[in-house]
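Undergrad: Quick one, structure for this:
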Amino acid sequence: MGKRQALPQGAARRRTPERRRRILLDCDPGHDDAIAILLAAHSPRLKLEAITTVAGNQTVEKTSLNALKVCSLAGIRDVPIAVGMDRPLVQEQHLAPEIHGETGLDGPLLPEPTLQLAPVHAVDLIIDRLLHSNGDLTLVATGPLTNIATAMRREPRILPKIERVVLMGGAIGVGNWTPAAEFNIYVDPEAAAIVFNSGCPLTMVGLEVTHQAQATADVRQRLAALGSPTARLVEELLDFFAQTYLTVFGLSSPPVHDPCAVALVIDATLIQTRPMRVDVELRGEFTRGRTVCDVYGSTGRPANAEVGVAIDAHRFWDLVVETLATY
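TA: Residues are numbered from 1 along each chain as shown. Below you'll find the model as predicted:
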């Protein structure tokens, strides 16, 4: 074996800089969506290309206004925000005022936005960004999957351009909107079925993960200590969110669902996943919207998703607090 050549004197070993992962955030703000936006916009490991909104936690008019307000307050000014689908593909609309209030972002008194919506429909924006990408754009979905499914159906050429879909939604076990179904999947199960059957690389961050990422009293104290307007916004969001979760679910520390999906893209080691076959139930009288996860491979069908099973909650909250401290 030959000797390794020494570097010339004075030469430094250069590390290749880590690529900032390009993402498009499709969301329905929503208290936890708002925190997901803040995390995505200031992570040094991400390049937030666009925000697209969809009906879910509230009507698309309200979720879009909420995205504008959050980005205006936080100074996120170089990211287009586009309005998307205003209803599910097939079924009647379901909203979540019990959790997020009449505005979808009840609690903080947010000033009127200083930003304007992009003059393009969210579905067209998704298609355009993907077609003009090099296959390096990740779609992070924290609401119902109506926009993404519509884009896939309208323009199949985007499918090989999607680096990965990372979605907050579904559950291996118990649902949170019906006994069987998680809210984001239940709201538009036909859209979810299209995405899960698309053949694209997909990671599902479901309730098994997000219910481990609870905003405890210690977490909220850490956020309060930051003292910035953005941190105060998050405090107020969590105050309202905690009260509704206590009232509806009896949980004193609310799970903060949507930032978990963003966190996985920032640092995949935060969340443990397992490959599984996932199908979306569309016909069951009591199970419509359930993500049926073949945990043990009993069907013999090939896996179509990586499914989250656990999160390092301490490191997750370190990431969130450290990112919010940059505002």
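Undergrad: Report pLDDT for the closest residue to residue 74 other than its chain neighbours.
TA: Nearest residue to residue 74, sequence neighbours excluded (C-beta to C-beta, 6 or more residues apart in numbering): residue 230, at 5.0 Å. C-beta coordinates here come from the backbone N, C-alpha and C atoms, glycine included. You'll see residue 230 listed with a pLDDT of 96.
Undergrad: thought residue 230 was touching residue 327?
TA: Yes. Here residue 230 lies in contact with residue 327, judged by C-beta atoms under 8 Å, at a distance of 3.8 Å.
Undergrad: Name the residues contacting each of those two.
TA: Shared contacts of residue 230 and residue 327, defined by C-beta atoms under 8 Å, 6 or more residues apart in numbering, are found at 38, 74.
Undergrad: quick one on the thing from earlier: quickly find the element holding the residue nearest to residue 74.
TA: Using DSSP states H and E, residue 230 maps to helix 229-249.
Undergrad: For that helix, name the packing helices and strands.
TA: Contacts defined by 3 or more C-beta pairs under 8 Å, 6 or more residues apart in numbering; DSSP states H and E place helix 229-249 against helix 31-42, helix 60-74, helix 97-100, helix 217-224, helix 313-324.
Undergrad: And the fourth one, what does it pack against?
TA: Using 3+ C-beta pairs under 8 Å, 6+ apart, the elements in contact with helix 217-224 are helix 229-249, helix 313-324.
Undergrad: And for the shortest one?
TA: For helix 97-100, the elements it packs on are helix 229-249, judged by 3+ C-beta pairs under 8 Å, 6+ apart.
Undergrad: and the angle from the helix it packs on to helix 313-324?
TA: Here the directions of helix 229-249 and helix 313-324 differ by 140 degrees (axes from the mean of the first three to the mean of the last three C-alpha atoms, to 10 degrees).
Undergrad: what's the angle from the next helix or strand after helix 229-249 to helix 31-42?
TA: Using DSSP H and E, the next helix or strand after helix 229-249 towards the C-terminus is helix 258-266. Inter-element angle recorded for helix 258-266 and helix 31-42: 30 degrees (by the same axes, to 10 degrees).
Undergrad: So which residues make contact with helix 258-266?
TA: 21, 23, 25, 27, 30, 32-33, 35-36, 39-40, 43, 45-46, 138, 140-142, 166-168, 203, 205, 209-210, 213, 270-271, 308, 311, 316, 319-320.
Undergrad: Give the PyMOL command for selecting the buried subset of those.
TA: To isolate the buried ones among the contacts of helix 258-266 in PyMOL, judged by 16 or more other C-beta atoms under 10 Å, type:
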select buried, resi 21+23+25+27+30+32+33+35+36+39+40+43+46+138+140+141+142+166+167+168+203+205+209+210+213+270+271+308+311+316+319+320
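Undergrad: How many residues are close by residue 288?
TA: When neighbours are counted by other C-beta atoms under 10 Å, residue 288 registers 17.
Undergrad: Residue 193: what secondary structure?
TA: Following DSSP: H, G, I helix; E, B strand; the rest coil, the label given to residue 193 is helix.
Undergrad: confidence score at it?
TA: For residue 193, the predicted pLDDT is 98.
Undergrad: From residue 108, how far off is the residue nearest to it when sequence neighbours are not counted?
TA: The shortest distance from residue 193 to any non-neighbouring residue, by C-beta to C-beta, 6+ apart, is to residue 280 (4.2 Å). According to C-beta to C-beta, to the nearest Å, residue 280 and residue 108 sit 34 Å apart.
Undergrad: Look at the two and report which has more neighbours.
TA: When neighbours are counted by other C-beta under 10 Å, residue 280 and residue 108 differ, and residue 280 comes out ahead with 25 against 20.
Undergrad: and that one, what are its bridge partners?
TA: Beta-bridge partners of residue 280, counted by DSSP bridges, are residue 291.
Undergrad: Now for it: which residues touch it?
TA: By C-beta under 8 Å, 6+ apart, the contact set of residue 280 is 185, 189, 192, 193, 196, 289, 290, 291, 292.
Undergrad: For the stretch 1-150 of the chain, which segments count as strands?
TA: Using DSSP state E, counting those that start in this stretch, the strands of the stretch 1-150 of the chain run over 21-27, 46-53, 81-83, 137-141.
Undergrad: From the contact counts, what lies against the shortest one?
TA: Using 3+ C-beta pairs under 8 Å, 6+ apart as the contact criterion, the secondary-structure elements in contact with strand 81-83 are strand 46-53, helix 60-74, helix 122-131.
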